[in-house]
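1. return a 3D structure for these sequence lines:
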Amino acid sequence: MERASNTFLENVLNNVKNFPEKVAILCPGRQEVFTFYEFGSGIFSFQSLLKFKTSGEKVILYMENRPEWLFALFGTLLKGGIVVPV
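-> Okay, the predicted model is just below:
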């Protein structure tokens, strides 16, 4: 059976590649704006920090709601890990 569409992670990475200057994350209360380029940089930076070798490893994310949580989420998924939010 064919897969009908891309995963959410694949769509985000496509936007990083195709629309680097567009706004990806807007945090009005914090006066922060991240472009897809910045979002991608955060994702790849977090992914590079992860040291596990086997896909399916669990990564606990313990932090408040902030843009960096999304970097950690997608960086972990890109590395093949499983996110456990606490």
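2. for the residue nearest the centre of the chain, give its distance to Q31.
-> Central residue of the chain (C-alpha atoms, centre = their mean): F74, 2.4 Å from the mean position. Separation of F74 from Q31 (C-beta to C-beta, to the nearest Å): 23 Å. Bear in mind the C-beta positions are built from the backbone N, C-alpha and C, glycine included.
3. tell me the contacts of V84?
-> By C-beta atoms under 8 Å, 6 or more residues apart in numbering, the residues touching V84 are 58-61.
4. on the three-state scheme, it is what?
-> Under DSSP: H, G, I helix; E, B strand; the rest coil, V84 falls in the strand class.
5. okay, it: pLDDT?
-> For V84, the pLDDT comes out at 96.
6. next one: it from S41, what distance?
-> Using C-beta to C-beta, V84 is found at 24 Å from S41.
7. helices along this structure, start to end?
-> Secondary structure of the chain (DSSP state H): helices located at 8-18, 36-49, 67-79.
8. mean neighbour count, those: which tops it?
-> helix 67-79 (a mean of 20; mean count of other C-beta atoms under 10 Å).
9. re earlier: the residue nearest to the centre of the chain against L9, yeah?
-> Yes. Here F74 reaches L9: they are 6.1 Å apart, a contact under C-beta atoms under 8 Å.
10. sorry, back to before: look up the closest residue to the residue nearest to the centre of the chain, ignoring the ones flanking it.
-> Nearest residue to F74, sequence neighbours excluded (C-beta to C-beta, 6 or more residues apart in numbering): I43, at 4.5 Å.
11. is it true that the one you found touches E68?
-> No. The pair I43 / E68 is not scored as a contact, 10.6 Å apart, by C-beta under 8 Å.
12. hey, what's in contact with both of these two?
-> With C-beta under 8 Å, 6+ apart, I43 and E68 have no common neighbours.
13. can you pull the contacts of F71?
-> 39, 42-43, 45-46.
14. ok, so of those, who is nearest P20?
-> F39 (9.3 Å; C-beta to C-beta).
15. once you drop chain neighbours, what's closest to that closest one?
-> Nearest to F39 is A24, by C-beta to C-beta, 6+ apart, at 4.1 Å.
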